[in-house]
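Trainee: how does the following fold in three dimensions:
(2 chains)
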Amino acid sequence: MEIHDLLTKFDFFLHERHLRFEAVAIGGAALNLLGVVSRYTRDCDILDPAIPESIALASIQFATEMRAQGNAIRDDWLNNGPATLAKDLPVAWKNRLVPAFRGKSIVLMTLGRSDFIKTKLFAFCDRGTDRSDCLFLNPSSAELDDAMEWVENQDANPQWPEHVRHSFADLAKELGHEL
Amino acid sequence: MSFKRIIAPTTYSEGEELTKDLGGIGILLASSRNENPNIEDTLLAGTREGVHSDLRTLGLIVDWLDIHLPFVNADRLQRALKLEKDERLLAFWIAIARRHRSDRRFAALSRKFRGNRVHLLLAQSNFLIDRHGEDPRFENTCLIVPNKTLRCRPADILDPKQLTNIHLTYRYRVIMGPSYRADMWAQLEMTPDISAAELARKCYGSFATAWKVIEDRKLLAA
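Mentor: Purely as a prediction, here's the structure:
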C-alpha cells in the first residue's frame, strides 16, 4: 500500500473519531509524499511534536483494522522514532517546512529540501545508510557545497571532516558532479 | 527440439517492479505487491541492487532470510549464484550461508569462504568500522559490514503464517518442503493446463519432475 493511500485511510479514520493531527514528518514516508520515489517501508516517522496519546491509540486501532483487511502494517507504523534528531537539525528548520500531506484531519509538513539533504547526507556519512535516498534527492553541486560545512560540524571526531569530504566526493562522482 | 533447463531469468526485475516483487514475498513496503513472485529471483534481484546502492532493501532481505530461509529452495539459489560474477553479491550470499550454517543445505556455499573478506561499502568502510564496529550478524563471515549500516527491522517482514496466506508457492513449500516439486504443484494450481515443458521452465526445474507432477495431479483429479 502506498504511503499516501495509507495516510488517506488514516485521515478518514481520525475524521470519523473527531480527532485532528498536525505534525512534521521525516524519513521515507515524507520523501515518498514529496515525490521522491524509492523503496520505503510502511511507516511514518514523526519528528515533532510528540504524538498525542489519543492519536497513538488511534494509530494502533487503525493498524489492527488494516491487518484485518489484509494490509499488514505494524502497530508502531506512526512513531516518534526520529524525535531526538530535532535538536541536531540546522538552525531555524521550522521556518523552512514544506507541505507533505493535507487531509480533513491530518496535516503533515516536512523538512525543506536543503534541510532534508543535510540530514540524509549526515546519515550517509555517519552510517553509510541512505545512499539511495541521497541519489534520489539528486543534490546539485551547490547543494552539496552548502551541506558539507554543516555535516562536517556534526561530529567532534578529528577524522570526521576528512571522512565527510571523501563521502561527499564519492557521492558527487556518482551524481556526475565535480566538488 | 530437446528441453533445455533454465537456471535463471533472462533479466531480473528492477525498480518499481522489484519493489512489488519484494512486497509479494512479504516485505512490507509502501507499494502494491505482485502476486506470487518467484522467491529466489526476487531475493537475487533485491540483493543485486542492495549490494551496490540500496542498503535499505539489503537490510530487509537479511531480515527476511532470518525468518524464511528454511523455505528457500537452496538448490535453485545456488545454481543461479553460479552464474553470477559480482564479487560483493557472491560475498553477501556466502556470508548468509555462513550466518545460517546450521542449515546444511547451504554448506557448500558456506565453504566457498577462503578467508578473504570483502567490504560491503566500497568507500567509507574503514572509518565506519572504527566508529561503530562491525555488524555482529556478519562477523566471522566473508563480508565486512559496519554496524548500523544495515537496519534490523524484522517487524517489517511478514511471518511464515502470514506469508502462506499471500504467496501460494510459499504455502506449498511449507506443505511439501522447499523443492521444485512444491513450486510446480503451486504453479499447476494457478495454471492447470500448462505443459510439462512450460511448467519446468517457470519453476526452473527439470522436465522429468514437471512431467511427474502433472501425472500425479491427474491421479487426484481422477
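
Trainee: CA atoms for contacts and neighbours, from now on please.
Mentor: OK.

Trainee: low-confidence ranges in the chain?
Mentor: I'll assume chain A. Where chain A drops to pLDDT under 70, the residues are A:37-38, A:178-179.

Trainee: hm, I was asking about chain B
Mentor: Ranges of chain B meeting pLDDT under 70: B:1, B:222.

Trainee: what residues does it have near chain A?
Mentor: For chain B, the contact set with chain A under CA under 8 Å from any CA of the partner chain comprises B:19, B:28-33, B:53-57, B:121, B:123-124, B:127-128, B:146-150, B:155-156, B:158.

Trainee: how many neighbours does the closest residue to A:Ala72 other than its chain neighbours have?
Mentor: Setting aside the residues directly before and after it, A:Ala72 is nearest to A:Met66 in space (CA to CA, 6 or more residues apart in numbering or on different chains), at 6.5 Å. A:Met66 has 17 neighbours, counted by other CA atoms under 10 Å in any protein chain shown.

Trainee: how about A:Met66, secondary structure?
Mentor: Following DSSP: H, G, I helix; E, B strand; the rest coil, the label given to A:Met66 is helix.

Trainee: from chain B, how far out is it?
Mentor: 13 Å (CA to the nearest CA, to the nearest Å).

Trainee: strands along the chain, start to end?
Mentor: By default, I'm working from chain A. A:21-26, A:44-48, A:78-79, A:98-102, A:106-110 (DSSP state E).

Trainee: um, chain B though
Mentor: Counting by DSSP E, the strands of chain B are B:118-119, B:143-144.

Trainee: paired strands for the first one, with orientation please.
Mentor: Spelled out, it's strand B:118-119. When pairs are called by DSSP bridges, strand B:118-119 turns out to pair with strand B:143-144 (parallel).

Trainee: now the partner strand: how far from the chain's centre is it?
Mentor: 19 Å (CA atoms, centre = their mean, to the nearest Å).

Trainee: for chain A, which residues are neighbours of chain B?
Mentor: Checking chain A against chain B by CA under 8 Å from any CA, the hits are A:1-3, A:39-42, A:72-74, A:125-132, A:163, A:166-167, A:170.

Trainee: buried ones only from these, please, as a PyMOL command.
Mentor: Per 16 or more other CA atoms under 10 Å in any protein chain shown, the buried members of these correspond to this PyMOL selection:
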select buried, chain A and resi 1+2+3+39+40+41+42+72+73+74+125+126+127+128+129+130+131+132+163+167+170
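
Trainee: I'd like to know which of the residues of chain A next to chain B are part of helices.
Mentor: A:3, A:125-127, A:131-132, A:163, A:166-167, A:170 (DSSP state H).

Trainee: let me have those residues in CSV, extended by distance to B:Arg101.
Mentor: Below are these laid out as CSV (distance: CA to CA, whole Å):
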residue, distance to B:Arg101
A:Ile3, 37
A:Cys125, 33
A:Asp126, 31
A:Arg127, 28
A:Arg131, 30
A:Ser132, 31
A:His163, 35
A:His166, 37
A:Ser167, 35
A:Asp170, 35
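
Trainee: A:Thr110 against A:Ile26, yeah?
Mentor: Yes - A:Thr110 is within contact range of A:Ile26, at 5.9 Å (criterion: CA atoms under 8 Å).

Trainee: those two: which is more packed in?
Mentor: Taking neighbours as other CA under 10 Å, A:Thr110 and A:Ile26 compare with A:Thr110 leading, 28 against 24.

Trainee: who does the more buried one form a beta bridge with?
Mentor: A:Thr110 has the following beta-bridge partners by DSSP bridges: A:Ala25, A:Val98.

Trainee: pretty sure B:Glu35 contacts B:His167?
Mentor: Yes - here B:Glu35 reaches B:His167: they are 6.9 Å apart, a contact under CA under 8 Å.

Trainee: find residues that contact each of these two.
Mentor: Common contacts of B:Glu35 and B:His167 (CA atoms under 8 Å, 6 or more residues apart in numbering or on different chains): B:Gly24.

Trainee: and the two? Which one has more around it.
Mentor: B:His167 (20 against 14).

Trainee: can you tell me the closest non-neighbouring residue to the more buried one?
Mentor: B:His167 sits nearest to B:Asn36 (CA to CA, 6+ apart), 5.0 Å away.

Trainee: what's the answer for B:Arg101, then?
Mentor: B:Ala107 (6.5 Å).

Trainee: show me what contacts the one you found?
Mentor: Applying CA under 8 Å, 6+ apart, the residues contacting B:Ala107 are B:97-98, B:101.

Trainee: so how many other residues sit close to A:Val107?
Mentor: Quick note: A:Val107 (other CA under 10 Å) scores 17 neighbours.

Trainee: now it: closest residue in space, sequence neighbours ignored.
Mentor: For A:Val107, the closest residue by CA to CA, 6+ apart turns out to be A:Glu22, at 4.7 Å.

Trainee: ok, now B:Ser13?
Mentor: B:Ala45 (6.2 Å).

Trainee: now A:Lys94. Nearest residue, chain neighbours left out?
Mentor: A:Leu111 (7.7 Å).

Trainee: look up how far B:Arg153 lies from that neighbour.
Mentor: Noted for A:Leu111: a distance of 25 Å to B:Arg153, by CA to CA, to the nearest Å.

Trainee: again, but for B:Val145
Mentor: Applying CA to CA to B:Val145 and B:Arg153 gives a distance of 16 Å.

Trainee: please apply the same query to B:Tyr204.
Mentor: 31 Å.

Trainee: more neighbours: the two, which one.
Mentor: B:Tyr204 (20 against 13).

Trainee: which residues touch the nearest residue to that one once chain neighbours are set aside?
Mentor: Once flanking residues are discounted, B:Tyr204 sits nearest to B:Ile6: 5.5 Å by CA to CA, 6+ apart. B:Ile6 makes contact with B:201, B:204-205, according to CA under 8 Å, 6+ apart.

Trainee: relative to chain A, which of those residues is nearest.
Mentor: Using CA to the nearest CA, the shortest approach to chain A within the contacts of B:Ile6 belongs to B:Tyr204, at 27.9 Å.

Trainee: report the contact partners of that closest one.
Mentor: So B:Tyr204 contacts B:5-8, B:76, B:180 (CA under 8 Å, 6+ apart).

Trainee: any idea which of these is closest to chain A?
Mentor: Once CA to the nearest CA is applied, the member of the contacts of B:Tyr204 that ends up nearest chain A is B:Ala8, at 24.1 Å.
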